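S.K.: return atomic coordinates for the entry below.
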Amino acid sequence: MNRTKIFFLLASICLTAAGPLAAQGALFGIAGGAVNSDFRNASTSSKWGATAGVFGAFRANRNIIVTLEGNWTQKGASNTRINYIEVPLMFGAVLPMDNGMGFRLYAGAELDFKVACSSSDVVFNCNSANGTLFTIPFGVVIGKTSRSGTFVGLDIRYSASLTDTFSNIPSLWNRTWYFRLQIGKGPGR
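M.R.: Residues are numbered from 1 along each chain as shown. So this is what the prediction gives:
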């Protein structure tokens, strides 16, 4: 099954589940911002890129939340840029406060599907860039939920790759920091 079919299959599952989950306290929204990435085990400089996507979060209870996302992200380093569709599944602990503010610490597992690559560096040849990567995202969301259920948060995340970025260069992994604004809607308090 190619990457496009996998992405649309996951998107269809999310959209189908949205109605029943919303009735149970789920939160759905969009996220976007900047990423800073480089390659571990290479003498490259970091590169800034962009990220944008959608998310759905379901509260298992007052303090546990499960999140599924679909993101487009630009990664790479120096003169190399690789665009991915990322599908992270994360589990987090929520530390709510009385005023609607809260913190969520989370970690999870992620699949990244390469959709584009450009490089002017002969060492990092796009033809040898792996099509699928496995990563571990972990981070913190600091946010506020209004009485009407509107959520606004700042997501700061680090993503540690477990897969070589290029098939011809062993132990060369993406290291990526995310700085994203999240806006979503869920049930009111």
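
S.K.: give the buried residues for the strand ranked longest in the chain.
M.R.: Ranked by number of residues, the top strand in the chain under DSSP state E is strand 101-119. By neighbour count on 16 or more other Cβ atoms under 10 Å, the buried set for strand 101-119 is 102, 104, 106, 108, 110-114, 117, 119. In short, each C-beta sits where N, CA and C put it, glycine included.

S.K.: what ranges do the strands span in this structure?
M.R.: Along the chain, the segments classed as strands by DSSP E run 27-40, 47-59, 64-77, 80-96, 101-119, 132-145, 150-161, 173-185.

S.K.: now do the contacts for residue 45.
M.R.: When contacts are counted by Cβ atoms under 8 Å, 6 or more residues apart in numbering, residue 45 touches 38, 77-78.

S.K.: would you format the residues you listed as JSON lines with distance to residue 90 included?
M.R.: Formatted as JSON lines, those follow (distance: Cβ to Cβ, whole Å):
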{"residue": "38", "distance to residue 90": "23"}
{"residue": "77", "distance to residue 90": "25"}
{"residue": "78", "distance to residue 90": "29"}
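
S.K.: tell me the one among the residues you listed nearest to residue 140.
M.R.: Set against residue 140, the nearest of these by Cβ to Cβ is residue 38 (21.4 Å).

S.K.: any idea of the pLDDT on that closest one?
M.R.: Note on residue 38: pLDDT of 90.

S.K.: share the number of residues neighbouring it, please.
M.R.: 20 (other Cβ atoms under 10 Å).

S.K.: is it true that it touches residue 81?
M.R.: No. Using Cβ atoms under 8 Å, residue 38 makes no contact with residue 81, being 12.0 Å away.

S.K.: show the contacting residues for the nearest residue to residue 109 once chain neighbours are set aside.
M.R.: Once flanking residues are discounted, residue 109 sits nearest to residue 89: 5.8 Å by Cβ to Cβ, 6 or more residues apart in numbering. Residues in contact with residue 89 (Cβ under 8 Å, 6+ apart) are 66-68, 108-110.

S.K.: same thing with residue 152?
M.R.: With contact taken as Cβ under 8 Å, 6+ apart, residue 152 is in contact with 143-144, 181-183.

S.K.: and the residues you listed, which is closest to residue 51?
M.R.: Nearest to residue 51 among the contacts of residue 152, with distances taken as Cβ to Cβ, is residue 181, at 10.6 Å.

S.K.: any low-confidence regions in the chain?
M.R.: For the chain, applying pLDDT under 70 flags the ranges 1-25, 188-189.

S.K.: rerun that using 90 as the cut-off
M.R.: Within the chain, the stretches with pLDDT under 90 are 1-27, 39-46, 59-63, 76-79, 94-102, 119-128, 145-149, 164-174, 186-189.
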